[in-house]
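>>> How does the following fold in three dimensions:
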Amino acid sequence: MDSLKPSIDKARLPKHIAIIMDGNGRWAKVQGQDRLYGHYHGVESVRNTVEACAELGVDYLTLYAFSTENWDRPVQEVSGLMELLVETIRKEVPTLNKNNIRLHVIGNIRMLPEQTKAVLKEAISETAGNTGLNLVMALSYSSRWEMGEAARQLGMDVKSGKLDPETIDQDRFQKYLCTRNFPDPELMIRTSGEYRISNFLLYQLAYAELFFTPVLWPDFRKENLYEAILDFQARERRFGKTSEQLG
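Residues are numbered from 1 along each chain as shown. Coordinates of the predicted model:
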């Protein structure tokens, strides 16, 4: 298949792409393997996608790597995922630096194992000076948790006198979210054929274009990303206005 890359308009790239990386377990089952086998192969898809975004000039890429609900999975799978995360981050930091990619993490980091937290902290520090693609890993994250935390912190600041409740609007609320330093995603991709957002960036995806593909995450490659971006570029983004107003 000829590459779709030349068809992409670099001047109209989505500034921020968010991806729900779904289908590792089903992919492994087709191979007659356990779920962790799928997660291990999903790492290559992450590498491929990050590389593609960096090459194109996308500013932000958020990957939904582990939700708060995922803690309820079998202990063996969760432990394996944490080990895979540590191993992958350690291995990939030199490549991130080589490609000028900066790592960020959002989510309830307190729930992560100490070793995982330490490796992430080190990687974030080591890539802090990079000025290219911002790679945001959503770990132990869920949108309802995030909004609950934001509401709690807002309440505490009002109670302590730091914040006048009359000044609370959507701009103020956004400053209490995990994503306060990032623009909202313009394109959200979900793999594996599921048509759900699954508690991912519910507030931030208000005006994102949604793209669903049947491709299981371990099979997702650059061409699949290009397809999603071309679909995004073919849409008219009105933000509540009419086509005539935009014209």
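>>> and residue 122, how many residues sit next to it?
13 (other CB atoms under 10 Å). Just so you know, the C-beta spots here come from the backbone N, C-alpha and C atoms, and that holds for glycine as well.
>>> Work out for me the element it sits within.
Taking DSSP states H and E as the definition, residue 122 sits inside helix 114-126.
>>> do the same with residue 64
If you go by DSSP H and E, residue 64 is part of strand 60-67.
>>> residues contacting residue 173?
Shown in contact with residue 173 (CB atoms under 8 Å, 6 or more residues apart in numbering): 150, 154.
>>> and with 6 Å instead?
By CB atoms under 6 Å, 6 or more residues apart in numbering, the contact list for residue 173 is empty.
>>> What's the separation between it and residue 233?
30 Å (CB to CB, to the nearest Å).
>>> circling back to that earlier point, who touches the strand holding residue 64?
16-20, 53, 134-140, 142, 182, 200.
>>> can you check stretch 4-14 too?
58, 186-187, 223, 226, 229-230, 232-233.
>>> Just the pLDDT at the nearest residue to residue 223 once chain neighbours are set aside, thanks.
Setting aside the residues directly before and after it, residue 223 is nearest to residue 4 in space (CB to CB, 6 or more residues apart in numbering), at 5.9 Å. For residue 4, the model assigns a pLDDT of 96.
>>> the strands in this protein, which residues?
Per DSSP state E, the chain carries strands over the ranges 16-20, 60-67, 102-106, 134-141, 187-190, 209-212.
>>> Just the CA trace of stretch 136-147, in CSV.
Provided in CSV are the C-alpha atoms of stretch 136-147 (Å, rounded to 0.1, in the frame of the first residue of the first chain):
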residue,chain,number,x,y,z
VAL,A,136,1.6,12.4,27.9
MET,A,137,1.1,9.0,29.6
ALA,A,138,-2.3,8.6,31.3
LEU,A,139,-1.5,6.1,34.1
SER,A,140,-3.8,5.1,36.9
TYR,A,141,-6.1,7.7,35.3
SER,A,142,-9.8,8.1,35.0
SER,A,143,-11.7,11.3,34.1
ARG,A,144,-14.3,11.0,36.9
TRP,A,145,-11.4,10.6,39.4
GLU,A,146,-9.8,13.7,37.9
MET,A,147,-12.9,15.8,38.0
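>>> from here on, count from 156
In the new count, where the first residue is 156, that last one comes out as stretch 291-302.
>>> mean confidence score for it?
Mean predicted confidence for stretch 291-302 is 97.
>>> Could you pull out the buried residues of that stretch?
Neighbour-count burial for stretch 291-302 flags 291-298, 300-302 (criterion: 16 or more other CB atoms under 10 Å).
>>> can I get the residues you listed in CSV with distance to residue 222?
Listed next are the buried residues of stretch 291-302 as CSV, based on distance: CB to CB, whole Å:
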residue, distance to residue 222
291, 15
292, 12
293, 8
294, 9
295, 8
296, 6
297, 5
298, 9
300, 9
301, 11
302, 14
